[in-house]
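Asks: A structural model of the following input is requested.
(one chain, ligands or ions: 1)
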Amino acid sequence: MTLGNNEKKMLRCMRSKENHIWTLEEILEITKWKDQVHVAGAGKSLDEHEFVETTERHLKFITLGSEGLNALENELLEKRIWEWILSQKEKNRTMNELFKAGFERHEAGPGIGLLKSIGVSIEKGIFTFVNEEEITIKISERVDFIKKISMGKLDYNDLDKGLIEHFSGRKNLINIEENIVREWKLTEKGINISENELEEVQLIGEITPEFLQNEGWKNASYKEFDINAETPIPVGGRPHPMQSLIERIRSVFLEMVFSEIEGNYVQSAGWNMDALFIPQSHPARTMQDTFYLDEPEKIDIPEEMLELWASVHENGHDTGSLGWGSKFDKEEAKKGLLRTHTTVNTVKYIAENPVSPSRVFGIGRVFRQETIDRTHLPEFHQIEGIIHEPNASLPMLISTLKTFYSKMGYPNVRVRPAYFPYTEPSVEVEVYWRGKWLELGGAGIFRPEVTEPLGSEWPVCAWGMGLERLAMLVLELDDIRELYQPDLERLSRMPIL
Ligand code: PHE
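Replies: This is a model prediction of the structure:
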């Protein structure tokens, strides 16, 4: 049971007279409350808790209307006309004479109407009547009624029903007001509740550090806190959702004991493609797909490296492959471009660390000549990684990716056969979301054509996943462009990752 302080006070006051029926006025007086709203509120909740019993009486009162006040000052219309009629000789009791006497048309009409209903009639233009006394009595009853209700609010039940009915048919003479009058009486429960339960308590609404530093909080009572109440959404700084997502991916890979690597946006076609055994005639290498640069137009690559790639591409070198069988163009390999995938970073990392095992990842921006639409942007990010060690294998690759996506919150992962020029086997990775399998990226084991020229003798698990795809999933977006529109309002409403 939780009684508020008002309820407690009203109950305490009512307990001063156990068998009393309390009126509103009495409660206002004893509680010293100024506003009857307090009594109504506290009374209602005490009644709900069964500490008091409420009786409600619906009362009707009659008061004087604006025309009634007028009648009080100038006499009732029918009385004035009646007195005029009585003062006239019989032949003068006509409408015309009535007008001459100063009665206006708007009074004369209704006035005669009123008199007709109590015994006056018009015969050959002359007002006539049979029983003068009866008419006079009826009129004085009406006059008395108006006088009586002018004294103050009168109970409907104390007045003549016929007269109430008569006057309520006349415009603005009387008003009928309806009121609910409540009275309260203690119940057994209200009488028996112990005094300590009715002590007023100070309710703590705000908790301050000072308040918590003392012992007082232990026994304090607290204002109820409505956790469903509407609250303003605090606006403050927050990282861009993409930045938060990147941080989360970073911490997942770090947790899985991977190290982070980085690389430049500007790369040579050699490292971006030739090192990956992408044939120089591959459609992805055309200007339609790749941003080639005027500055730097060419990037130097060590001659030995170019020699090796030429040999691998032309005849497989000694990797056991036949190569592509066509002439390798070293100048093509030197072309400057904006990296089209972050696989260039992992390949370079292997070249720099060919004989030490490694698990590395990187999250970076890549560039492709794409037409912008709901699912494509010319600049986007990839989540790249490799496991380079003697026992690297496809199952190891798949379980690593499954672990990663589970940690991100998507435990349903599957791979399907795919093709990349630089991996064998090759897979595409999909996660299950809202009843659909969504493709998030590619993976595979680097081909010997890739690893051997770099000086590595171990298999390499490699993958490259789309970051924006994942972001759309996590943030529940269906248009990739929403991620980069500077709409602060929208961005601030995106979930915090
Ligand atoms: N580089 C590929 C892409 O851009 C992804 C990939 C990376 C595939 C590594 C296999 C191995 O889609």
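
Asks: alpha carbons only for contacts and neighbour counts from here, please
Replies: Will do.

Asks: So Thr55 belongs to a helix, correct?
Replies: No: assessed with DSSP: H, G, I helix; E, B strand; the rest coil, Thr55 is strand; it does not lie in a helix.

Asks: So what's the residue count around it?
Replies: For Thr55, the neighbour count with other C-alpha atoms under 10 Å is 13.

Asks: List the beta-bridge partners for it.
Replies: Glu183 (DSSP bridges).

Asks: Spatially nearest residue to Glu370, not counting backbone neighbours?
Replies: Pro378 (4.9 Å; C-alpha to C-alpha, 6 or more residues apart in numbering).

Asks: Could you list which residues are in contact with the one you found?
Replies: 367-372 (C-alpha atoms under 8 Å, 6 or more residues apart in numbering).

Asks: mind running it again at 6 Å?
Replies: 367-370 (C-alpha atoms under 6 Å, 6 or more residues apart in numbering).

Asks: try Arg359
Replies: Arg359 neighbours (C-alpha under 6 Å, 6+ apart): 258, 386-387.

Asks: Ok, Ala418 next?
Replies: So Ala418 contacts 426-428 (C-alpha under 6 Å, 6+ apart).

Asks: at 10 Å what do you get?
Replies: Neighbour list for Ala418: 424-429, 442-444 [criterion: C-alpha atoms under 10 Å, 6 or more residues apart in numbering].

Asks: Strands along the stretch 301-450 of the chain, start to end?
Replies: Counting by DSSP state E, counting those that start in this stretch, the stretch 301-450 of the chain has strands at residues 336-338, 358-367, 379-388, 413-417, 423-433, 436-446.

Asks: With mean pLDDT and distance to Gly236 added, can I get those in JSON lines?
Replies: JSON lines is the format used below for those (pLDDT from 0 to 100; distance: least, C-alpha to C-alpha, whole Å):
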{"stretch": "strand 336-338", "mean pLDDT": "97", "distance to Gly236": "36"}
{"stretch": "strand 358-367", "mean pLDDT": "98", "distance to Gly236": "27"}
{"stretch": "strand 379-388", "mean pLDDT": "98", "distance to Gly236": "27"}
{"stretch": "strand 413-417", "mean pLDDT": "96", "distance to Gly236": "36"}
{"stretch": "strand 423-433", "mean pLDDT": "95", "distance to Gly236": "32"}
{"stretch": "strand 436-446", "mean pLDDT": "95", "distance to Gly236": "33"}
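
Asks: Which among the ones you listed is found nearest to the ligand?
Replies: Distance to the ligand, taken as C-alpha to the nearest ligand atom, is lowest for strand 436-446 among the strands of the stretch 301-450 of the chain, at 3.5 Å.

Asks: For this structure, what lies in contact range of the ligand?
Replies: 341, 343, 441-444, 462-464 (C-alpha under 6 Å from any ligand atom).

Asks: If we use 5 Å, what do you get?
Replies: 341, 442-444, 462-464 (C-alpha under 5 Å from any ligand atom).

Asks: top of these by neighbour count?
Replies: Busiest of the residues of the chain next to the ligand [other C-alpha under 10 Å] is Ala443, holding 31 neighbours.

Asks: Now that residue: closest residue in space that isn't a chain neighbour?
Replies: Among residues not flanking Ala443 along the chain, Trp463 sits closest, at 4.0 Å (C-alpha to C-alpha, 6+ apart).

Asks: would you list the strands of the stretch 301-450 of the chain in a markdown table and tack on distance to Leu477?
Replies: Shown next, in a markdown table, are those (distance: least, C-alpha to C-alpha, whole Å):
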| stretch | distance to Leu477 |
| --- | --- |
| strand 336-338 | 28 |
| strand 358-367 | 20 |
| strand 379-388 | 16 |
| strand 413-417 | 20 |
| strand 423-433 | 13 |
| strand 436-446 | 14 |
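
Asks: between the ones you listed, which gets nearest to Pro486?
Replies: Nearest of these to Pro486, taken as C-alpha to C-alpha: strand 379-388 at 16.0 Å.

Asks: buried stuff in the closest one?
Replies: 380-388 (16 or more other C-alpha atoms under 10 Å).

Asks: now stretch 294-303
Replies: 298-299.

Asks: Can you give me the neighbour number for the closest residue to Gly316 other than its chain neighbours?
Replies: Excluding the flanking residues, the one nearest Gly316 by C-alpha to C-alpha, 6+ apart is Gly323, at 4.0 Å. By other C-alpha under 10 Å, 20 other residues sit near Gly323.

Asks: now the one 10 residues further on
Replies: Taking other C-alpha under 10 Å as the criterion, the count of residues near Ala333 is 24.

Asks: Spell out the secondary structure type for the closest residue to it other than its chain neighbours.
Replies: Once flanking residues are discounted, Ala333 sits nearest to Gly270: 4.1 Å by C-alpha to C-alpha, 6+ apart. Secondary structure state of Gly270, per three-state DSSP, is helix.

Asks: what does Ala462 give?
Replies: On the basis of three-state DSSP, Ala462 is classed as strand.

Asks: ok, it to Arg447 distance?
Replies: As judged by C-alpha to C-alpha, to the nearest Å, Ala462 and Arg447 stand 10 Å apart.

Asks: Residues that sit against both of those two, list them.
Replies: The contact sets of Ala462 and Arg447 overlap at 422-423, 426 (C-alpha under 10 Å, 6+ apart).

Asks: Going by distance to Asp160, which of those residues wins?
Replies: Looking across the shared contacts of Ala462 and Arg447 and measuring by C-alpha to C-alpha, the closest to Asp160 is Ser426, at 102.5 Å.

Asks: quick one: contacts for the residue nearest to that closest one when sequence neighbours are not counted?
Replies: Spatial nearest neighbour of Ser426, chain neighbours left out: Gly444 (4.3 Å); criterion: C-alpha to C-alpha, 6+ apart. For Gly444, the contact set (C-alpha under 10 Å, 6+ apart) comprises 386, 393-394, 397-398, 417-420, 422-429, 460-464.

Asks: of the residues you listed, buried ones?
Replies: 386, 393-394, 397-398, 420, 422-424, 426-429, 460-464.

Asks: ok so, going back, what would the shared contacts of Ala462 and Arg447 look like in a markdown table with distance to Glu200?
Replies: Output for the shared contacts of Ala462 and Arg447, formatted as a markdown table (distance: C-alpha to C-alpha, whole Å):
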| residue | distance to Glu200 |
| --- | --- |
| Tyr422 | 80 |
| Thr423 | 78 |
| Ser426 | 76 |
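
Asks: Nearest to Glu206 among these?
Replies: Scanning those for proximity to Glu206, where the rule is C-alpha to C-alpha, the winner is Ser426, at 61.2 Å.

Asks: for the closest one, what are its contacts?
Replies: Counting by C-alpha under 10 Å, 6+ apart, Ser426 makes contact with 394, 415-420, 442-447, 462-463.

Asks: do the same with Thr31
Replies: With contact taken as C-alpha under 10 Å, 6+ apart, Thr31 is in contact with 6, 9-14, 38-39.
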